[in-house]
Each structure stands twice: as structure tokens, then as C-alpha cells.
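Peer 1: 3D model of this:
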Amino acid sequence: MILDQLARLVHSGGVVALTGAGMSTESGIPDYRGPDGQRRVQPMTYAEFTGTSAARQRYWARAFVGWERFSAARPNAGHRALAALQRTGLITDVITQNVDGLHQEAGSTRVLELHGTLAVVRCLTCEDRTSREEVQRRLTEANPGFQVRSDEVRPDGDIALPDAVVGGFHLARCVVCGADTLKPDVVFFGEPVPRDRVDESYRRVEAAEALLVLGSSLKVMSGYRFVRRAHALGIPVAIITRGRTRGDDEASWQLDAPLGPALTGIATRLGIEEDFGPVVDGEYATGLPLGLT
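Peer 2: Model prediction:
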């Protein structure tokens, strides 16, 4: 069975995990693309956000409403199983394209957040940084009558709102310079990933014995380049996600499965006995330990 093969790969150690939005879907945060690879939502681009105050007003109105449900998400069984595998020393590093902080909350260490984190807000004018919770508090104070509620959740924390609702929303300004250029400290679409993060990710991948891709379609070069580098260096690549990916031709193993069942299944086969919490589908979570030493 392919899960047995993946467990043996992980058991060899020196594995770097590259994770995408599919890692958090079981926590209630949808990914950008479905199993068919088609984008489900159109996020705001960097050029749009920096172009006008009206665009920033639209973003922050949507993010203000969406934050309550987004910030309530908690690590799922896949996050916890990955953290457990890292505690054994078999997984050395986690490079994530996600901005939700759920890997760290689950207990993972040496997490490189390739696209940044929604937990921090940066002023594009003076570079002052503050917590997202503080900005949420200030937005609440600036919009006392803004009572919009939504059950929608998006991978970047915002939601869709009618223009008429957005028009009445008041922006929070930087407490240092007074500009309205506050931006979540994440990489927007059309914005380059900081060079130092890319270089550090390459270093970790190049030092790996294997690359394990989890929950990413690899549609964008931001993550796909590391699969290409690993393949070029002869480093084995394994992919677990829903549907096909751009990196399938470079991978030695592909498993179309939800991450919770797959990762708990690998952990179980390697003799890790922990309560990882509920999984979406128990098909892959069962199985006898492989007896590896």
C-alpha cells in the first residue's frame, strides 16, 4: 500500500514538509482551489491593495468581518500528526504557504512561513508592526455600528461583502505615522516572496533526504520551485493532496487523500500512539505498525 511506502520514506528521516492550503481544510479553512485545480476565490492583488485607499477600505472591511471565524480555526488531526512526526526527529522542517499559524499551534517547530502570517500587521509607509488582534480592536472602535455577520471563511481571512456595506467602513491608521497603509504581513497575489525566505527554503530543501508535499496543488511557482529543485538534485519527492498537482511528474509517490487520515495513518504505522483528534475519513488512519526500527 502506498501509505506503507510513505511511512518507510518518513522513517528514513531528514524529511522536509512543504504544506499548502489543503493542510487546513479540515480545520474549516477552505483552500483556493478545488480538487480540479480551478480557483474558487479571487483574492485581492498587491497592486490593487496598494493602489488606492478605497481598495484598502474594501479589504479591511471584508477582513474585519472574516477574522472572527478565521481566527477561531484550530489545528486538525493532520497538523497534530505532522507535529508528532517532527518531535520524533523524522520531519526536520516545515515550509508552509499557509498564513494561519496552525502548524505552530499544533506544536510544530522550525516552521518557515513562506507567505508570512495574518497574526501581524505591517505599515507599508513606516514599517511599524503590530498584532492583528490589536488592529481588530482598533477597527472595532472605529466602526461601532458595523454589525455585519458572515459564516464565510477564506484562506486569506477575508470574505465577500456588498459595496454598499464596504462604503461605510472606517480604516484604522498607523499609530506611528498616521498613514492608512496598514497591510497584513502576508504575501499578496502579485507580490514577490521576500528573497531571504526563498533562499532559506532552498537551503532546507537542499539539505533534506526527502521532500513531502502536503495539501498543495503546486499551481504557483512559489511552492513548485522547491519540488523542481529537489527533483533536480535527486531528492525523493512525495505528494499527498486532493487531486492532481503541477509537480506529479517530479514525484515518486502521489496519494490523493485528505491530510488528516493520511498523516495519522503514517504516524500510526511508525508506532506513534497519540490522540490526534477526529479525522474526516478513517480509511487511511488504520493499519498495523510496520515494525520499523
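
Peer 1: Low-confidence bits of this structure, can you list those?
Peer 2: 32-42, 149-159, 280-293 (pLDDT under 70).

Peer 1: residues contacting the spatially most central residue of the chain?
Peer 2: Per Cα atoms, centre = their mean, the C-alpha nearest to the average position across the chain is that of Asn98, at 1.6 Å. By Cβ atoms under 8 Å, 6 or more residues apart in numbering, the contact list for Asn98 reads 19-21, 23-24, 113, 115, 155. C-beta: built from backbone N, CA, C; applies to glycine.

Peer 1: quick one: Arg244 from Asp256, how far?
Peer 2: Per Cβ to Cβ, to the nearest Å, Arg244 is found 8 Å from Asp256.

Peer 1: Can you show me the helices along the stretch 101-250 of the chain?
Peer 2: Remark: helices assigned in the stretch 101-250 of the chain by DSSP state H, counting those that start in this stretch are 102-106, 132-142, 163-166, 195-206, 221-232.

Peer 1: Go through the first one and flag the buried ones.
Peer 2: Along helix 102-106, these residues count as buried under the neighbour rule (16 or more other Cβ atoms under 10 Å): 102-104, 106.

Peer 1: which of the residues you listed lies closest to Ser201?
Peer 2: Within those, the smallest distance to Ser201 is 14.6 Å, found for His103 (Cβ to Cβ).

Peer 1: Name all residues that make contact with the residue nearest to the closest one when sequence neighbours are not counted.
Peer 2: Spatial nearest neighbour of His103, chain neighbours left out: Val111 (4.9 Å); criterion: Cβ to Cβ, 6 or more residues apart in numbering. Counting by Cβ under 8 Å, 6+ apart, Val111 makes contact with 93-96, 103-104.

Peer 1: Quick check: Gly22 is in a helix.
Peer 2: Yes: assessed by DSSP: H, G, I helix; E, B strand; the rest coil, Gly22 belongs to a helix.

Peer 1: Please name the nearest non-neighbouring residue to it.
Peer 2: The nearest residue in space to Gly22 (Cβ to Cβ, 6+ apart) is Gly215, at 2.8 Å.

Peer 1: I'd guessed Val206 sits against Leu233; true?
Peer 2: For residue 206 the amino acid is Glu, not Val. Yes: using Cβ atoms under 8 Å, Glu206 is in contact with Leu233, at 6.4 Å.

Peer 1: more neighbours, these two?
Peer 2: Using other Cβ atoms under 10 Å, the more surrounded residue of Glu206 and Leu233 is Glu206, with 14 against 11.
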